[in-house]
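# With the sequence up front, the predicted model follows.
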Amino acid sequence: MDHNPDRVCVWPGYFNIRTSRRSGRRVPKDSSVIKPDLEGLFLASRKLGLKKIKREENISHPSRPHMNEGRMWVSRSGFTQSVGANSKEELLQLIGAQWRQMQREQKQASKEQLAKTQATGRRRNRQQPNSGGGSSKPQRSGFKKRSGFKKR
């Protein structure tokens, strides 16, 4: 691909909270996310206000050839005008902070949804919290006890 000084390449691996700075993370931990992917990076960039974005999927970073994480190209003039960042590092920190905030909101929404579904769960499960929802004896399927049957 031809060199274009107006474009900046952004990899999802720059935002991985589980990797160290030495291994390739380029933002501080408070701007890092869990399990970064190209789609999340794109959504965070759009929410931040970036307009000129190009995605390339199934491309691996040269230092991480086993991961086909993809990459995103951002216009330098575009992020300077829309976000006000002056450097790539500033842009990465802004995207990371936005992405982390999005993950927190998503986690909070899933917690609320889980609490809502548990409150409206089955009546049998709500009766006795420690009983497991039924009688203490296990049910034997297919076998009925006959009263007239005697063992020899």
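Sure, I can see it.
# who are the neighbours in contact with the nearest residue to residue 14 once chain neighbours are set aside?
Nearest residue to residue 14, sequence neighbours excluded (CB to CB, 6 or more residues apart in numbering): residue 26, at 4.2 Å. Quick note: C-beta positions are derived from backbone N, CA and C, even for glycine. Contact partners of residue 26, counting by CB atoms under 8 Å, 6 or more residues apart in numbering, are 14, 15, 89, 92.
# Using the three-state scheme, assign residue 26.
Of the three states, residue 26 takes coil under DSSP: H, G, I helix; E, B strand; the rest coil.
# related to what we said a few turns ago, now, which of the contacts of residue 26 lie within helices?
Judged by DSSP state H, helices contain the following of the contacts of residue 26: 89, 92.
# Show me which of the contacts of residue 26 is closest to residue 78.
Nearest to residue 78 among the contacts of residue 26, counting by CB to CB, is residue 92 at 15.0 Å.
# thought that closest one was touching residue 28?
No - at 9.9 Å, residue 92 does not count as touching residue 28 under the criterion of CB atoms under 8 Å.
# Once you drop chain neighbours, what's closest to residue 38?
On the basis of CB to CB, 6+ apart, the spatially nearest residue to residue 38 that is not a chain neighbour turns out to be residue 70, at 3.8 Å.
# quick one: contacts for the one you found?
Residues near residue 70 by CB under 8 Å, 6+ apart: 12, 37, 38, 55, 56, 57, 58, 59.
# Residue 56 now?
70, 71, 72, 73.
# quick one: the helix or strand hosting residue 46 to chain centroid distance?
In the assignment (DSSP states H and E), residue 46 maps to helix 38-48. Averaged C-alpha coordinates place helix 38-48 at 12 Å from its chain's average position (CA atoms, centre = their mean, to the nearest Å).
# how about the helix or strand that comes right after it: buried residues?
Scanning the chain past helix 38-48 towards its C-terminal end, the next helix or strand to appear is strand 53-56 (assignment: DSSP H and E). For strand 53-56, a neighbour-count test (16 or more other CB atoms under 10 Å) marks residue 53 as buried.
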